[in-house]
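# Predicted coordinates and the sequence they were generated for:
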Amino acid sequence: MVKVGVLALQGGVIEHINMLNKISGVEAVEVKKAEQLAHIHGLIIPGGESTTIGKLMAKFNLKEPVIQYAKNGMPIWGTCAGMILLAKHIVNQDWSYLNLMDIYVRRNAYGSQLDSFISYQLIPKVSSEKLPLVFIRAPYIEKAEGDVEVLAELNGKIIAAEQKNLLATSFHPELTDNLSFHRYFVDKIIHNDTVKTG
Amino acid sequence: MSDRYELNKNLAQMLKGGVIMDVTTPEQAQIAEKAGAVAVMALERVPADIRKEGGVARMSDPKMIKEIKNAVSIPVMAKVRIGHFVEAQILEEIGIDYIDESEVLTPADEMFHINKREFKIPFVCGARNLGEALRRIGEGASMIRTKGEAGTGNVVEAVRHIRMIMSEIRKLQLMPKEELMTAAKEMGAPFHLVEYVAENGRLPVVNFAAGGIATPADAAMMMQLGCDGIFVGSGIFKSGNPEKRAKAIVMATTYYNDPKVIAEVSEDLGEPMVGIEIDKISEENRMAERGW
């Protein structure tokens, strides 16, 4: 059984859990405390408000443990706010949160809610079919450095990227009924040699 | 359903588990953001002051709303009067993130709420019971909140409203299908939404608590009763130490099931806002009675 945690401080938590529970062999759990990290094989940092989630992670002693687990190889996927939290650089801001991925992220990059949109795109590494991509006051990646692999771009901006055990998406696969991204992340966990599932 | 309506419901989903705070200045907006608010509600007077000062309460000055929008990176909401579709057109034009068609302001139309389907911008509306919630969703609201009794610091009405909604949802779930049309007729709600609730055991949109929430314990109680998140109006900036109270309410909303955390954050918060007993408020001044 693959156990996937969803950081449950604020935001779209249940949406990820419902998606994960549709995949056979996967058990999804809410993570609210650092000690729960020892019992999961991978972690999703969901969409929500990055400022809120970031503050709560620091306040409730989740920030350093998550950084340690990430550095020890635990697969972590950040969607939207989660991408902002994973980034080493946030444009127009001189500090960042978890400081894990070599990406420069621009917050609210498309504007206000009136500019939220849905787009359909082929992301070959994830699925052979076009995927629905839901952008809600979304960020994008302006620049990626080091060994970051770009998975998808939209109008010249990076919207999905991977760096070793870390995955980041501007958009919300959990708000669609397409399981491809969640399956992709679960496969990433299964093929991760630092994780023992069973 | 259109993509736009789905996207608007989706934004509300991303606010879940969070606290939306009333603010009247850019400085207060920054305090709210710093304390961990997921969004701010920009308005000229908080409900407690509207109640005290009386007169007609209207949409806030767009200039003031824009200043608040420029001061923070989190979503900004603002209120329009019930039925005042031109105030809504103005807020859509200035590009805020969410409109609250609110009973806290003086209603502009005693018969009709805004046809929210005509707008691209999302709306949140108040409800006291399931029928009212489903009527607002039928008109295009993409988020619901309890009405509570705003500006009182008294949570009793918000508790009544969420308990009513949850209880009505549970009743629908148990009904055989042939009873649903009669239930829809009796609660004055669109049939397809009644059917949705009966099948899914929840509203088709996110449901927040609002009206009278003043302490971390109030917020956690509303979450335990089944709300998806919290609006705090007068409760923060009418209290002795707004910054500390704001942070405490945010933490209690996240850890609403953890009495240890709620106990810790409830310590030493200073003076809460002064509360009002609901039966001391004359009927025409009860905001929850506005709208239908």
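Done, it's in.
# and stretch B:107-122, how far from the chain's centre?
16 Å (Cα atoms, centre = their mean, to the nearest Å).
# May I see the buried residues of that stretch?
By neighbour count, and taking 16 or more other Cβ atoms under 10 Å in any protein chain shown as the criterion, the buried residues in stretch B:107-122 are B:107-108, B:113-114, B:116, B:119, B:121-122. The way it works is simple: take the backbone N, C-alpha and C, and place the C-beta from them, glycine included.
# Next: stretch B:272-284.
Neighbour counts using 16+ other Cβ under 10 Å place B:272-273, B:276, B:278, B:281 of stretch B:272-284 among the buried residues.
# With stretch A:171-186 instead?
Neighbour-count burial for stretch A:171-186, with 16+ other Cβ under 10 Å as criterion, is recorded at A:171-176, A:178-186.
# Quick check: closest non-adjacent residue to residue A:47.
residue A:80 (3.7 Å; Cβ to Cβ, 6 or more residues apart in numbering or on different chains).
# distance of that neighbour from residue A:44?
When distances are taken as Cβ to Cβ, to the nearest Å, residue A:80 and residue A:44 turn out to be 11 Å apart.
# okay, now residue B:52: neighbour count?
Residues near residue B:52, counting by other Cβ atoms under 10 Å in any protein chain shown, number 10.
# go on, the one 4 residues further on?
Other residues lying near residue B:56 total 10 when counted by other Cβ under 10 Å.
# And the pLDDT for the one residue in the stretch 51-200 of chain B that gets nearest to chain A?
Closest contact between the stretch 51-200 of chain B and chain A, by Cβ to the nearest Cβ, is at residue B:97 (4.0 Å). The confidence metric pLDDT takes the value 96 at residue B:97.
# do stretch B:134-144 and chain A meet at all?
No. Counting by Cβ under 8 Å from any Cβ of the partner chain, chain A has no neighbours in stretch B:134-144; the shortest distance is 10.1 Å.
# what about that stretch, how long is it end to end?
In terms of Cα to Cα, to the nearest Å, the two terminal residues of stretch B:134-144 are separated by 9 Å.
# Check the offset of that stretch from the chain's centre.
How far stretch B:134-144 lies from its chain's middle: 13 Å, per Cα atoms, centre = their mean.
# Also stretch A:77-87?
5 Å.
# pretty sure residue A:137 contacts residue B:97?
Yes. Contact criterion Cβ atoms under 8 Å: residue A:137 and residue B:97 qualify, at 7.2 Å.
# For residue B:257, which residues are in contact?
When contacts are counted by Cβ atoms under 8 Å, 6 or more residues apart in numbering or on different chains, residue B:257 is found next to B:220, B:223-224.
# quick revisit: ok, and which of the buried residues of stretch B:107-122 reach chain A?
Among the buried residues of stretch B:107-122, chain A is touched by B:121-122 when using Cβ under 8 Å from any Cβ.
# could I get the buried residues of stretch B:107-122 as a markdown table with secondary structure?
A markdown table is the format used below for these (DSSP: H, G, I helix; E, B strand; the rest coil):
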| residue | secondary structure |
| --- | --- |
| B:107 | coil |
| B:108 | coil |
| B:113 | coil |
| B:114 | coil |
| B:116 | helix |
| B:119 | coil |
| B:121 | coil |
| B:122 | coil |
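# Fine, thanks again, bye for now.
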